[in-house]
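**Q** What follows is a predicted structure for the sequence shown.
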Amino acid sequence: MSGPLPDAPVVVYTGRARVTYKPVRAEDRDAAGQQVTVRDVIVAVPRDACPELAATARITVTAVDGNAPATLAGRVLAVQSTAWSSHALEQVITCTDDQSNQGA
């Protein structure tokens, strides 16, 4: 996970995370005159893994195991919001996966 400056990212956590698409359909939106497909992704990291992230932060998924959708490998996700789980075991991060503006 990295901080808000795209030209000079600051890595605040590297490690395992639980990553999955939210159980809702993808949404098509118009952005600058082009259709884009957007899906929400939930990322959960250990509670003390990183400080609360700014809404401009990005998360790069470098690899997935058999429990996560293989299509998430290599994706760069935009952070929407952060929260802690009800038992405070993990930090839950809601992200957006813009599927049209990234490499396959």
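**A** Great, that's in hand.
**Q** Could I get the buried residue list for stretch 74-81?
**A** Within stretch 74-81, the residues scored as buried using 16 or more other Cβ atoms under 10 Å are Arg75, Val76, Leu77, Val79. For glycine as for every other residue, the C-beta is placed from the backbone atoms N, C-alpha and C.
**Q** so for it, what's the average pLDDT?
**A** Mean pLDDT, stretch 74-81: 88.
**Q** Stretch 38-49 too?
**A** Stretch 38-49 shows a mean pLDDT of 85 in the predicted model.
**Q** Please, where are all the strands along this structure?
**A** Shown for the chain, the strands assigned by DSSP state E span residues 18-21, 27-31, 34-46, 58-60, 76-84, 90-98.
**Q** So which of these is nearest Ala68?
**A** strand 18-21 (5.1 Å; Cβ to Cβ).
**Q** Return the distance of the closest one from the chain's centre.
**A** 8 Å (Cα atoms, centre = their mean, to the nearest Å).
**Q** which other helices and strands contact that strand?
**A** strand 34-46 (3 or more Cβ pairs under 8 Å, 6 or more residues apart in numbering; DSSP states H and E).
**Q** The strand it packs on versus strand 76-84: what angle between them?
**A** Relative orientation of strand 34-46 and strand 76-84, computed by axes from the mean of the first three to the mean of the last three Cα atoms, to 10 degrees: 40 degrees.
**Q** the bottom helix or strand of this structure by mean pLDDT?
**A** In the chain, the helix or strand scored least confidently by mean pLDDT, DSSP states H and E is strand 27-31, which has a mean of 64.
**Q** re the thing from before, would JSON lines of the strands of the chain with distance to Val12 be doable?
**A** Listed next are the strands of the chain as JSON lines, based on distance: least, Cβ to Cβ, whole Å:
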{"stretch": "strand 18-21", "distance to Val12": "17"}
{"stretch": "strand 27-31", "distance to Val12": "28"}
{"stretch": "strand 34-46", "distance to Val12": "10"}
{"stretch": "strand 58-60", "distance to Val12": "10"}
{"stretch": "strand 76-84", "distance to Val12": "11"}
{"stretch": "strand 90-98", "distance to Val12": "11"}
